[in-house]
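In: Sequence below, structure please.
(2 chains)
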Amino acid sequence: MNSYHLDHLQYLETEAVHLMREVAAEFERPAILFSGGKDSICLLRLAEKAFRPSDIPMPLLNVDTGHHFPELNEFRDRRARELGGKLIVRKVEDAIAAGIAVPTPGEISRNRLQIPTLLAAAEEFQFDCLIGGARRDEEKARAKERFFSFRDSFGQWDPKNQRPEIWNLYNARINPGEHMRAFPLSNWTEMDVWEYIKREKLEVPSIYFSHRRQCVRRHNQWLPVTDLMPPKEKETVKELVVRVRTIGDIISTGMVESPANNFDDIIAEIAAARVTERGSRADDKSSEAAMEDRKKAGYF
Amino acid sequence: MPSPSHHPIDILRFNTCGSVDDGKSTLIGRLLYDSKNLMEDQIEALERSADITGGGQINLANLTDGLRAEREQGITIDVAYRYFATPRRKFIVADTPGHVQYTRNMFTGASTANLSIVLVDARQGVIEQTRRHTYIAAMLGIPHIVIAVNKMDLVDWNEERFLEIRDEIESFIPRLDVLKDVKFIPMSALQGDNVVAPSPKTPWYQGPTLLGHLETVHIASDWNLSAFRFPVQWVNRPNNPTDKSLHDFRGLSGQIAGGIVRVGQSVLAMPGGLQTTIKEIRTFDGPLQEAFCPQSVTLVLADDIDVSRGDTIVGTELLPGLSSELSARLCWMHQRPLQAGRKFFLKHTSQTVQAAVTAIESRINLETFDPQLHPAELALNDIGEIRLRTSKPLVYDGYRANRLTGSFILVEQGTNATVAAGMLAAPTTAYTPDFIEFAI
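Out: Have a look, this model is predicted:
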């Protein structure tokens, strides 16, 4: 092997940086979706790689469901400040109050309600491209996603009518009212993300590392006990040593029993894992096409 | 704890293609399953759908067929990407559909591949799809091809049948673009023979298993390292920087599309043709003395010359072509056929220009590989040779020499649909800069 060779992380990085610069050049008002989760942490580093010494030429956007882990929001705000980035937060609660998002009676999850909140935010700021941290290895509907994913004026994804994407020539043209989603991490796996975080020495929210937490057993998962989700009658609360593998809402994110408190341990744990990352998310389990249906409606 | 032996040294990108029911999705499912890259919840989900639809038998194809319509119809509609790793390599797999009407997706899946697997059903032998897929793989310049002769269990592992198919394919290979490396492997994806583990049923076959081949095939840089090409993507100019040294900073950000660049090297800014030198190669991780394809970097030039997105910085040797009159091979991807005279947006490297198709020279018959001269139109999935005129001259290479500076897409005005993928013919004359004339 000659010295003019990129290893797998360098290859994925240059592919992603190229994509981010295409977005910056082709769109008038792009934004980066930043939740503070591990994938969007990588997105911000890639944005630094793509645009420094200039400022990152687009704001950061987060839809706050009101059910976020507090550690996540604290990290999100701090990281955005450190980068000198403009962070826009839009809340599902406000969208409900404004009648933009309408909960089904009895609906506790805010997952579905993120969609109208996100689309309303895109409209408010006239965003024409949203960069997201979705990866194709997460889920099989996502496995069919393009790098540049076209959305019609209702924000919908039409999987049967995607634009062919050939070489690295991305067709970024849209008409007014339509927008694009761009996914620089398309080809990254969960393992790549952690190896990259380790190589780049990136900070992540503390809940990715092992900590003690009160949990209840529900739907075959350990769910964190919080004010939003007190234990039901006859449920026993257990204090466990846990961490999160993927971060969703606090009411639906399964905690994984784990002693891993550094990147090497997390990487070893993933290498040995026998379930997928989203195996710990109740929102994806509801049916075989759960993700496909949400994506068609405008979800990430 | 030390990190486990999970550091693949490089990435192999491959795609699978074949006709409907050749077993592409099953083959990928088998690769993932037998190389222990499937997780318990994925196996569980497979078993759950097996109970409902498959009469109890696990259907490996359900792993990749991610859309509801695909599972219902038992077909693959869109390119599905899969990822797996062995201790030797990391793999990116594009499962590309075999239906004639979805051939455009093969372009999507195969255009970035190091290797293509063309599946052949041992019972059916070579069919139009086999010829089409092999032709496209060769045209796209994919360096390695595997012909997977599948469903060998259904022809009793008959060596004669395998050789018959091999001979037929070998007979038409000389009529295609250069194919350097073609391997034939007899297998049964359903039963797992010769996919990951060698099969006891093929004592007559001495070659590697499919995974063995994927892990060891030599992918010496696919990237062109000979002629420096740098399409400018984004001009990097900080607004009100706090760092005073950046007040006059003007960098050119982009991904190197060919060759190697060094600090101090002489370069030309095309299409303008002004000569300057490389002052700095910047990255977020610090300055570099040299950089190579496909790295993403920011170049600072010694002279403050007018360069913007869509321009190309090139080395002073092995110059590219510069022309607005171009010949190309085209794969037409839209329902509405192409007629000569139509205008499109053309995206090439980092620029979009207007282009008119001035003539359709030929249409390739994929049964016989013969060209039909001057056809009236190119229909969906047709491949042909065309002539183009662009609103601005392109700085380009022939596709054979450089996949990145020799390729383009056509976008329909109005609908913004991507309607064609094109591969440029080599320039008849290279660009001649003024300074060479001075030297004479």
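In: Am I right that residue B:230 is in a strand?
Out: Yes - Residue B:230: assigned to a strand according to DSSP: H, G, I helix; E, B strand; the rest coil.
In: Remind me which helix or strand the residue lying closest to it once chain neighbours are set aside belongs to.
Out: Leaving out its chain neighbours, the residue that sits closest to residue B:230 by C-beta to C-beta, 6 or more residues apart in numbering or on different chains is residue B:313, at 4.2 Å. In this view, the C-beta of every residue, glycine as well, is placed from N, C-alpha and C. Residue B:313 is located in strand B:312-315, with elements delineated by DSSP states H and E.
In: Least confident secondary structure element in chain B?
Out: Within chain B, no helix or strand scores below helix B:434-439, which has a mean of 51 by mean pLDDT, DSSP states H and E.
In: from the stretch 101-250 of chain A, which residue is nearest to chain B?
Out: Using C-beta to the nearest C-beta, the closest approach of the stretch 101-250 of chain A to chain B is made by residue A:140 at 3.2 Å.
In: Show the pLDDT at that residue.
Out: What the model reports as pLDDT for residue A:140 is 73.
In: could you say which helix or strand contains it?
Out: Using DSSP H and E, residue A:140 falls outside every helix and strand.
In: again, but for residue A:4
Out: Secondary structure assigned from DSSP H and E places residue A:4 in neither a helix nor a strand.
In: contacting residues for it?
Out: Residues in contact with residue A:4, defined by C-beta atoms under 8 Å, 6 or more residues apart in numbering or on different chains, are B:221, B:225, B:260, B:292-293.
In: isn't residue B:258 right next to residue B:398, touching?
Out: No - Residue B:258 lies out of contact with residue B:398 (C-beta atoms under 8 Å); the separation is 11.9 Å.
In: More neighbours: which of the two?
Out: Neighbour tally, residue B:258 and residue B:398, criterion other C-beta atoms under 10 Å in any protein chain shown: the higher count belongs to residue B:258, 28 against 18.
In: Now the more buried one: closest residue in space, sequence neighbours ignored.
Out: With C-beta to C-beta, 6+ apart as the criterion, residue B:258 has its nearest non-adjacent residue at 3.8 Å, and that residue is residue B:229.
In: Same question for residue B:168.
Out: Closest to residue B:168 by C-beta to C-beta, 6+ apart is residue B:126, at 4.8 Å.
In: Return the residues in contact with the one you found.
Out: B:120, B:165, B:168-169.
In: Distance of the most centrally placed residue in chain A relative to residue A:20?
Out: What sits nearest the mean C-alpha location of chain A, by C-alpha atoms, centre = their mean, is residue A:133, with 5.0 Å. Counting by C-beta to C-beta, to the nearest Å, the gap from residue A:133 to residue A:20 is 12 Å.
In: Touching both of the two, which residues are there?
Out: Common neighbours of residue A:133 and residue A:20 (criterion: C-beta under 8 Å, 6+ apart): residue A:184.
In: Could you pull out the buried residues of stretch B:128-141?
Out: Buried residues in stretch B:128-141, counting neighbours by 16 or more other C-beta atoms under 10 Å in any protein chain shown, are found at B:129-141.
In: Let me fix that, I meant to ask about stretch B:201-216.
Out: For stretch B:201-216, the neighbour count (16+ other C-beta under 10 Å) marks B:201-202, B:205, B:208-215 as buried.
In: First-to-last residue distance for that stretch?
Out: Start-to-end span of stretch B:201-216 (C-alpha to C-alpha, to the nearest Å) is 23 Å.
In: ok, and what's touching that stretch?
Out: Residues from elsewhere that reach stretch B:201-216 (C-beta under 8 Å, 6+ apart): B:12, B:14, B:27, B:31, B:34-35, B:86, B:88-89, B:91, B:115, B:117, B:146, B:148, B:152-153, B:157, B:159, B:162, B:183-187, B:193-199.
In: what's the answer for stretch A:200-219, then?
Out: With C-beta under 8 Å, 6+ apart, stretch A:200-219 has contacts from A:36-38, A:41-42, A:45, A:69, A:71-72, A:74-75, A:79, A:196-197, A:222-225, A:229, A:231-232, A:235-244, A:247, A:255, A:258-262, A:266, A:282.
In: What's the separation between residue B:283 and chain A?
Out: 7 Å (C-beta to the nearest C-beta, to the nearest Å).
In: If you drop the residues flanking it in sequence, what lies closest to that residue?
Out: Nearest non-adjacent residue to residue B:283 (C-beta to C-beta, 6+ apart): residue B:297, at 5.6 Å.
In: Return the set of residues that bridge with that neighbour.
Out: Counting by DSSP bridges, residue B:297 forms beta bridges with residue B:254.
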